[in-house]
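Asks: The sequence and its predicted three-dimensional model are supplied below.
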Amino acid sequence: MTRFERLRLDGVTRQFAGVDALSELSLEIQRGEFIALLGPSGCGKSTALNCLAGLLPLTAGSIWRDDVRLDTLPPERRGFGMVFQNYALFPHMSVQKNVSFGLQMHGVTRAETRRRTTDAIRLVHLEEHATKLPGQLSGGQQQRVAIARAVVIEPSLVLMDEPLSNLDAKLRLEMRTEIRRLHQSLGLTTVYVTHDQEEALSLSDRLVVLRDGRVQQIGTPEEVHTRPANRHVADFMGYRNLLPGRASSGASLLLEPSGVRVKGTPVGSVNDGDPVVAAIRPEDIRLDGDREATVDVVEYQGREFTVEARTDDGLMLHLRTGTRLSVGDKVRVGFPPDRLLLFPAEAS
Ligand SMILES: Nc1ncnc2c1ncn2[C@@H]1O[C@H](COP(=O)(O)OP(=O)(O)OP(=O)(O)O)[C@@H](O)[C@H]1O
Ligand SMILES: [Mg+2]
């Protein structure tokens with residue numbers, strides 16, 4: 001394994017037909033970190049991963065492993081393991097052959113190949129399936145073969161592009177835990193692409209949130225969850241209530257069109273009179289506040305209900321509650337000021 005202390009992306013840019021798919025991505029990854037690249041479809045996640053892997057040349061910028069420049073090296077000389085969304089297994093080769101293929105390519109001896117292949121297959125709990133072909137395995141089992149194949153070469157970095165998106169909900173949760181377990185027990189450094197915020201939050205040490213090819217925020221799950229850098233990140237991270245208004249006297253906001261004043265927490269520079277967007281999660285709206293709202297829609301979600309309610313002055317709110325409510329019920333909503341984030345409306 002090629003050890004490294006840090007991997008550095010410096011202004012990595014990739015264009016297709018003159019248009020930026022990825023713009024000036026700068027990021028330093030420490031050995032052992034689990035990094036998630038998160039963002040909506042088309043934001044540049046796979047482009048970033050493929051640039052790192054060497055499957056796409058950069059239009060500008062550079063990539064460094066400690067002091068070694070990597071972006072000029074072909075993929076096979078970077079020493080990375082890759083797990084693709086569609087597994088990309090060899091259909092005519094057994095599980096064993098699929099896993100050992102990379103080792104043979106790297107010129108590892110036959111005895112060593114056998115030992116490491118057996119270990120990798122055991123790691124992903126596929127001992128009983130070692131001689132089967134991919135077509136004889138379930139989706140989750142195939143995914144585990146793909147993971148075994150990526151880690152068997154003891155890569156300095158593992159790259160995963162939406163590895164769980166083809167799996168059903170239960171298997172996705174199981175594999176998520178499995179991936180985190182492997183990351184820890186093998187001491188891997190992992191870059192993981194997903195558009196699923198929950199997956200990114202639960203797996204990663206740090207998240208990189210992308211939009212339109214540009215980094216919106218880099219931070220720990222907690223930072224991104226509680227202090228999204230702008231309204232787009234907030235929107236993407238589950239702040240379902242985005243309320244337009246105008247800033248007035250510091251941390252308050254006049255909601256539009258009602259003109260009702262509420263207090264919030266400004267994020268970024270917000271000046272009096274500026275148009276702002278107030279963002280709050282459904283679960284953060286209190287139901288013992290002082291403004292009346294009428295329940296419009298109720299959805300049962302297991303433990304809780306998501307509720308749409310309308311205030312007398314016409315604000316439509318998404319709420320969450322453990323109490324069974326019915327359409328037409330009156331509730332009294334309130335916004336805790338530390339949970340109501342005020343973003344400049346114009347900032348991109
Ligand atoms: N080979 C290509 N030729 C032209 N444009 C491309 C190519 N690959 C990607 N793009 C464009 O670059 C942008 C980013 O694409 P990318 O595949 O990185 O998105 P993504 O974040 O991985 O999306 P998804 O979640 O849908 O996989 C998109 O607008 C896409 O259309
Ligand atoms: Mg993609």
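Replies: Yep, it's here. Ligands and ions are numbered 1, 2, ... in the order given.
Asks: Longest helix in the chain, by number of residues?
Replies: helix 169-185 (DSSP state H).
Asks: Who are the packing partners of it?
Replies: helix 139-151, strand 190-194, helix 197-203 (3 or more CB pairs under 8 Å, 6 or more residues apart in numbering; DSSP states H and E). Glycine gets a C-beta too; all of them are placed from N, C-alpha and C.
Asks: Rounded mean pLDDT for the last one, please.
Replies: This predicted structure assigns helix 197-203 an average pLDDT of 95.
Asks: which element follows it toward the C-terminus?
Replies: Next helix or strand after helix 197-203 toward the C-terminus (DSSP states H and E): strand 206-211.
Asks: That following strand: which residues count as buried?
Replies: Across strand 206-211, burial judged by 16 or more other CB atoms under 10 Å covers Arg206, Leu207, Val208, Val209, Leu210, Arg211.
Asks: out of those, who's nearest Gly250?
Replies: Here the nearest of those to Gly250, counting by CB to CB, is Val209; it sits at 27.6 Å.
Asks: mind listing what that closest one touches?
Replies: Val209 makes contacts with Leu38, Gly39, Val215, Gln216, Gln217, Ile218, Val224, Ala229, Val233, Phe236, Met237, as judged by CB atoms under 8 Å, 6 or more residues apart in numbering.
Asks: cool, Val151 as well?
Replies: So Val151 contacts Gly81, Ala120, Leu123, Val158, Leu182, Leu186, Leu188 (CB under 8 Å, 6+ apart).
Asks: Quick check, pLDDT for it.
Replies: pLDDT recorded at Val151 is 88.
Asks: Not counting its neighbours along the chain, what's nearest Leu319?
Replies: Once flanking residues are discounted, Leu319 sits nearest to Val307: 4.5 Å by CB to CB, 6 or more residues apart in numbering.
Asks: same check, this time on Phe343
Replies: Per CB to CB, 6+ apart, closest to Phe343 is Arg231, 4.2 Å.
Asks: Okay, the one you found and Pro163: tell me how far apart.
Replies: 30 Å (CB to CB, to the nearest Å).
Asks: and what of Arg324?
Replies: Using CB to CB, Arg324 is found at 38 Å from Pro163.
Asks: For Asp272, give me phi and psi.
Replies: Main-chain torsions, Asp272, degrees, to the nearest 10: phi -50, psi 130.
Asks: how close does it get to Asn230?
Replies: From Asp272 to Asn230 the distance is 20 Å (CB to CB).
Asks: Please apply the same query to Glu199.
Replies: For Glu199, the distance to Asn230 (CB to CB) stands at 22 Å.
Asks: Could you report the neighbour count for the residue of the stretch 151-300 of the chain found nearest ligand 1?
Replies: Proximity of the stretch 151-300 of the chain to ligand 1 (CB to the nearest ligand atom) peaks at His195, 4.9 Å away. For His195, the tally of surrounding residues (other CB atoms under 10 Å) stands at 17.
Asks: on that earlier part again, can you tell me which of the contacts of Val209 end up in strands?
Replies: Leu38, Val215, Gln216, Gln217, Ile218 (DSSP state E).
Asks: ok, and what's touching whichever strand or helix holds Thr113?
Replies: Element membership of Thr113, judged by DSSP H and E, is helix 110-123. Identification of contacts with helix 110-123 by CB under 8 Å, 6+ apart yields 95-96, 99-100, 103-104, 108, 127, 130, 148-149, 151-152, 182, 186.
Asks: Which residues of this structure lie near ligand 1?
Replies: Phe16, Ala21, Gly39, Ser41, Gly42, Cys43, Gly44, Lys45, Ser46, Thr47, His195 (CB under 6 Å from any ligand atom).
Asks: Give me the distance from the helix or strand encompassing the second one to the chain's centre.
Replies: Going back to what we said before, that points to Ala21. Applying DSSP H and E as the criterion places Ala21 in strand 19-30. With CA atoms, centre = their mean, to the nearest Å as the basis, strand 19-30 stands 15 Å off its chain's centre.
Asks: cool, and stretch 136-148?
Replies: That offset, for stretch 136-148, works out to 22 Å (CA atoms, centre = their mean).
Asks: So what touches it?
Replies: With CB under 8 Å, 6+ apart, stretch 136-148 has contacts from 83-84, 87-89, 95, 98-99, 120-121, 123-126, 129, 134, 163-164, 166-168, 171, 174-175, 178-179, 182.
Asks: What residues sit buried inside that stretch?
Replies: By 16+ other CB under 10 Å, the buried positions in stretch 136-148 come out as Leu137, Gly140, Gln141, Gln142, Gln143, Arg144, Val145, Ala146, Ile147, Ala148.
Asks: Next: stretch 340-348.
Replies: Applying 16+ other CB under 10 Å to stretch 340-348 flags Leu340, Leu341, Leu342, Phe343, Pro344, Ala345 as buried.
Asks: now stretch 11-27: mean pLDDT?
Replies: Regarding stretch 11-27, the rounded mean pLDDT is 97.
Asks: typo on my end, it should be stretch 32-40
Replies: Mean per-residue pLDDT for stretch 32-40: 96.
Asks: Give me the residues contacting that stretch.
Replies: So stretch 32-40 is contacted by 27, 29, 45, 48-49, 180, 183, 187-197, 199-200, 203-211, 216, 236 (CB under 8 Å, 6+ apart).
Asks: Understood, closing this out.
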